[in-house]
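Trainee: would you be able to build a 3D model of this:
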Amino acid sequence: MGEYIDGLKFSGGCMSLMARDILKQLIRQAHDHDVYVSTGGWAEHILRKGPGSFKQYVQDCKELGFDSIELNASFIELNEDNLLRLIRLVKNSGMRPKPELGLSFFGGENAELASSGKVDLDWVIRRAERYLEAGADMIMVNSDGLTNSTNNCHTDLVAKIIERLGLEKIMFEANDPNVSEWFIQNYGPKGLQMNILPINTACDTSQVNLNVNYSQVGQLERLRSGLPGTRSIHFA
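Mentor: Numbers count the residues shown, from 1 in each chain. You can find the predicted model right below:
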């Protein structure tokens, strides 16, 4: 993979605002450096236009050179069976499906749970297990309600997720620099997926996979390499 990052993620639907040739050029450049490229949370918007539009979206992503398609299960208003069909559709296209789950829900398949205001971690873990069985290559764990900041970091819930699902197929969103530092100190470095506004990055930091903002790459590389230095090293 890349020397400092493993993946590049286009946040939200920002790729839809880019000229097709420019987008292909960016994706090729990432691939030239052994960095995979993922969409952000745009599938939920496409699905409003109907199932045929989603198939076209998958085909377009394939032609552009994307390696992974993110599916935000917290927003997509589909039941579990239909979400599993989307995962299989992406998988059969030759790309890697990456469902995103979290403890905060916004009207997706868990709308009833969202309205109750309750957190059911077992529900989230069971869904993640089903998604992996259906062919998902990675589960993105949203930071909302889980790891927004070190002042609001439910370490017990993080530990339970890792205990049940392991580290290899799980990626935690860690846009707060203090949170990403906590993950590395407690679970070791493995992979990084970077969010570069409007793009994001993924890093394999050796144990835990993190989704971080591009400005954290310098700091995280120092931490996972065990190099001494100032606590914060950010790219503007």
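Trainee: thinking Pro97 is in contact with Ile87, fair?
Mentor: Yes: if you go by C-beta atoms under 8 Å, Pro97 and Ile87 touch, sitting 4.4 Å apart. Every C-beta, even on glycine, is put in place using the N, C-alpha and C of the backbone.
Trainee: which residues do these two both contact?
Mentor: By C-beta atoms under 8 Å, 6 or more residues apart in numbering, Pro97 and Ile87 have these common neighbours: Leu71, Tyr131, Gly135, Ala136.
Trainee: now tabulate the residues you listed in a markdown table and tack on secondary structure and pLDDT.
Mentor: Listed next are the shared contacts of Pro97 and Ile87 as a markdown table, based on DSSP: H, G, I helix; E, B strand; the rest coil; pLDDT from 0 to 100:
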| residue | secondary structure | pLDDT |
| --- | --- | --- |
| Leu71 | strand | 93 |
| Tyr131 | helix | 96 |
| Gly135 | coil | 97 |
| Ala136 | coil | 97 |
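Trainee: quick one, what contacts Ser143?
Mentor: Contact analysis of Ser143 by C-beta under 8 Å, 6+ apart lists Gly102, Phe172, Glu173, Ala174, Asn175, Asp176, Val179.
Trainee: Phe75 belongs to a helix?
Mentor: No: counting by DSSP: H, G, I helix; E, B strand; the rest coil, Phe75 is not part of a helix but coil.
Trainee: from what I can see it touches Gly41, true?
Mentor: Yes: using C-beta under 8 Å, Phe75 makes contact with Gly41 at a distance of 6.7 Å.
Trainee: which of the residues in stretch 156-175 are buried?
Mentor: Residues Leu157, Val158, Ile161, Ile162, Leu165, Leu167, Ile170, Met171, Phe172, Glu173, Ala174, Asn175 are the ones in stretch 156-175 that count as buried (16 or more other C-beta atoms under 10 Å).
Trainee: now render the residues you listed as TSV, adding secondary structure and pLDDT.
Mentor: Below are those laid out as TSV (three-state DSSP; pLDDT from 0 to 100):
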residue	secondary structure	pLDDT
Leu157	helix	90
Val158	helix	91
Ile161	helix	93
Ile162	helix	92
Leu165	helix	94
Leu167	coil	91
Ile170	strand	94
Met171	strand	94
Phe172	strand	92
Glu173	strand	90
Ala174	coil	87
Asn175	coil	81
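Trainee: now do the contacts for the spatially most central residue of the chain.
Mentor: Computing the C-alpha centroid of the chain and ranking residues by C-alpha atoms, centre = their mean puts Met140 first, at 4.0 Å. Counting by C-beta under 8 Å, 6+ apart, Met140 touches Glu70, Lys98, Pro99, Glu100, Leu101, Met171, Glu173, Asn211.
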